[in-house]
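K.L.:
A structural model of the following input is requested.
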Amino acid sequence: MHTPIEAFLHYGYFVVFGWVLLEQLGIPLPATPILLTAGTLTSTRHMHIEGFVLAAMAGSLVSDSVWFRLGGRYGTRVTRWLCRFSLEAASCVRKTEDQLAHHGAAALLLVKFIPGLNTLAAPLAGQSGMRYRKFLIYDLSGAFLWVTSLLLVGRFFGDAIRRNPNVLAWLSRSAAVLVLLVVVAIVAYRYGRQRAFLSRIRTLRVEPDDLKQMMDRGEEPFLVDLRHPLDLLPDPRIIPGSVRLTSNELLRRHAEIPRDRDVIVYCTCPSEATSAKVALTLRRFGIERIRPLRGGYDGWKDKGYPLEPVIVADADGREPIAAI
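P.N.:
Numbers count the residues shown, from 1 in each chain. Predicted coordinates:
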């Protein structure tokens, strides 16, 4: 009967290909433990780092190409769907959008090292209109850096373990259990962190119906649209009266936010992660009447409530807070 190590030696390249493919498709199965294990096994000389690199990059290429094409064709619908099932809701789409906006295709060199961003980068790159050839060059380069780094770390530990026959024998019997425990621990940690975050914002949310009633009563809440410019490409509209600001800009200009009005912030992530995170941060500055809109922009739009075209207020693209 084969031990887990022997089974991996027979089918390791296929395991790495399939595992990386599933993770990059959005399945919450972290590939880091598998790649570290693969790197460790290359110290036996029965497996080769080059084979694992090619297998992992092939899995990444297939999944990333699929998401790139889907992102280019369906836009924000794809990223919102991915965000809904992400275990990194606090990062969600916004961090990936910011990386692509600031660094362009070069951001693809590092996003695979950041949980929550690796799967979202490909559809957002497609949504941004990036050429596939350019995407392919940077995406494969980033995959190579990510895979090779983890394999080399695993190889380092493998060389150290090989010098101790007792440890090697123990790992031969326990490797599968250890890898499974690490995977479960990572998934449980991410899930627990997301649940804790969502429980904190649950009582802060304002429903679209309540916001509409506030506006109908003439209360004039202060509305802030936190969406990234990429999110406006397929639907360049906002909730009437909204100010368009990035989350970072809003935090920098928190002194300008009115304290005598309800402040409603919204984005496009299904869990309102960006707006909720901003609301929680601004509350520490004494802005107590700030709340994220449940369902964000899409929740408002799905209700059939009024929307208006985007209007840029001044030449540098910033809308003055005091004017609202």
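
K.L.:
show me this structure divided up by domain.
P.N.:
4-202, 208-323 (automatic domain parsing).

K.L.:
what pLDDT is listed against the closest residue in space to residue 251 that isn't next to it in sequence?
P.N.:
In this structure, residue 251 finds its nearest non-sequential neighbour in residue 281, 6.2 Å apart by Cβ to Cβ, 6 or more residues apart in numbering. C-beta: built from backbone N, CA, C; applies to glycine. According to the prediction, residue 281 has pLDDT 76.

K.L.:
residue 281: which element?
P.N.:
Here residue 281 sits within helix 273-283, counting by DSSP states H and E.

K.L.:
list the buried residues of stretch 120-130.
P.N.:
120, 121, 122, 123, 124, 125, 126, 127, 128, 130 (16 or more other Cβ atoms under 10 Å).

K.L.:
wait, I meant stretch 226-238
P.N.:
226, 227, 228, 230, 231, 232, 235, 238.

K.L.:
which residue in those has the weakest pLDDT?
P.N.:
Scanning these for pLDDT, the low point is residue 230. It has 73.

K.L.:
that one reaches residue 126, doesn't it?
P.N.:
No. The pair residue 230 / residue 126 is not scored as a contact, 10.7 Å apart, by Cβ atoms under 8 Å.

K.L.:
tell me the pLDDT of residue 41.
P.N.:
So residue 41 comes in at 80 (pLDDT).

K.L.:
just say helix, strand or coil for it.
P.N.:
helix (DSSP: H, G, I helix; E, B strand; the rest coil).

K.L.:
and for residue 58?
P.N.:
Classified using three-state DSSP, residue 58 is helix.

K.L.:
again, but for residue 148
P.N.:
Assigned with three-state DSSP, residue 148 falls in the helix class.

K.L.:
all numbers from here: first residue = 49
P.N.:
In the new count, where the first residue is 49, that last one comes out as residue 196.

K.L.:
quick one, what contacts it?
P.N.:
With contact taken as Cβ atoms under 8 Å, 6 or more residues apart in numbering, residue 196 is in contact with 97, 101.

K.L.:
what distance do you get for it to residue 80?
P.N.:
13 Å (Cβ to Cβ, to the nearest Å).

K.L.:
distance across stretch 291-298, terminal residue to terminal residue?
P.N.:
10 Å (Cα to Cα, to the nearest Å).

K.L.:
for that stretch, buried residues please.
P.N.:
In stretch 291-298, counting by 16+ other Cβ under 10 Å, buried: 291, 292, 293, 294, 295, 298.

K.L.:
out of those residues, what pair is the most spread apart?
P.N.:
Distance extremes for the buried residues of stretch 291-298: the farthest pair is 291 and 295 at 12.7 Å, using Cβ to Cβ.

K.L.:
so residue 298 sits against residue 274, correct?
P.N.:
Yes. Contact criterion Cβ under 8 Å: residue 298 and residue 274 qualify, at 7.1 Å.

K.L.:
tell me, what's touching those two both at once?
P.N.:
Common neighbours of residue 298 and residue 274 (Cβ under 8 Å, 6+ apart) are 313, 326.

K.L.:
tabulate the buried residues of stretch 274-286 in JSON lines, adding columns for secondary structure.
P.N.:
Output for the buried residues of stretch 274-286, formatted as JSON lines (three-state DSSP):
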{"residue": "274", "secondary structure": "coil"}
{"residue": "275", "secondary structure": "coil"}
{"residue": "276", "secondary structure": "coil"}
{"residue": "278", "secondary structure": "helix"}
{"residue": "279", "secondary structure": "helix"}
{"residue": "280", "secondary structure": "helix"}
{"residue": "283", "secondary structure": "coil"}
{"residue": "286", "secondary structure": "strand"}
